[in-house]
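Novice: coordinates for the following, if possible.
(2 chains)
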Amino acid sequence: QKEVEQNSGPLSVPEGAIASLNCTYSDRGSQSFFWYRQYSGKSPELIMFIYSNGDKEDGRFTAQLNKASQYVSLLIRDSQPSDSATYLCAVRGSSASKIIFGSGTRLSIRP
Amino acid sequence: GAVVSQHPSRVICKSGTSVKIECRSLDFQATTMFWYRQFPKKSLMLMATSNEGSKATYEQGVEKDKFLINHASLTLSTLTVTSAHPEDSSFYICSARDSSTELFFGEGSRLTVL
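Specialist: Predicted coordinates for the structure are as follows:
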């Protein structure tokens, strides 16, 4: 079992709709969860992080964490073509030092 | 957010030569930096954790004699790919953590070995 799993996509969403990205993790002791966006040929950039169960909202982005289900998601409201990118879920496990990345979900927003 | 600078952004070298990539934290001190490798359309693979003033911790399967990491100061870590071969061609990305738990990435270095 992979430590951090994501559906590779591509996920195609019409402009203006809500894009929902999902991620599961295997280390039940994980404490910190991150969503990064990566454009082709570029380095990842941090979008959001979440530590506690529940929802965390920042602008058009909402991160949701359910530690019991070992599940974290990212919702993007009012999707824009510029949101088209690969979204990486990352988890800092119970060892507290390294962060493990999922394989990423490729999101495509169609006009 | 914190700024991490990586240099060079692109490098092309001949097979058998060594290449050094620098990673600097510009506005914070980073006791720990991380080196990742990414193949096309794949996720980031952690290669090693670089600790200031001590030896790097390498992930399983990563050759420490091939990928030399030096973390000489609180703002600089270097990755040297020794005796590079075409299969070492990849996107190498460093990252660093400031006083928070957030991880900030450098711009990445695309290595092409001919």
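
Novice: list phi and psi for residue A:81.
Specialist: Note on residue A:81: its backbone torsions stand at phi -50, psi -30 [degrees, to the nearest 10].

Novice: and the one 10 residues further on, by the same measure?
Specialist: Phi and psi for residue A:91, reported as degrees, to the nearest 10, are phi -130, psi 130.

Novice: count of residues packed around it?
Specialist: Residue A:91 has 23 neighbouring residues, counting by other CB atoms under 10 Å in any protein chain shown. The C-beta positions use only the backbone N, C-alpha and C, and glycine is treated the same way.

Novice: so it sits against residue A:29, correct?
Specialist: No. Look at residue A:91 against residue A:29 with CB atoms under 8 Å: they stay out of range, at 10.4 Å.

Novice: what is the burial count for residue B:10?
Specialist: 9.

Novice: do I have it right that it meets residue B:92?
Specialist: No. Distance between residue B:10 and residue B:92: 11.0 Å, which falls outside the contact criterion (CB under 8 Å).

Novice: any residues in contact with both of these two?
Specialist: B:109-110 (CB atoms under 8 Å, 6 or more residues apart in numbering or on different chains).

Novice: contacting residues for residue 11?
Specialist: No chain in the question, so chain A it is. A:19, A:21, A:105-108.

Novice: actually, chain B is the one I wanted.
Specialist: So residue B:11 contacts B:19, B:21, B:109-112 (CB under 8 Å, 6+ apart).
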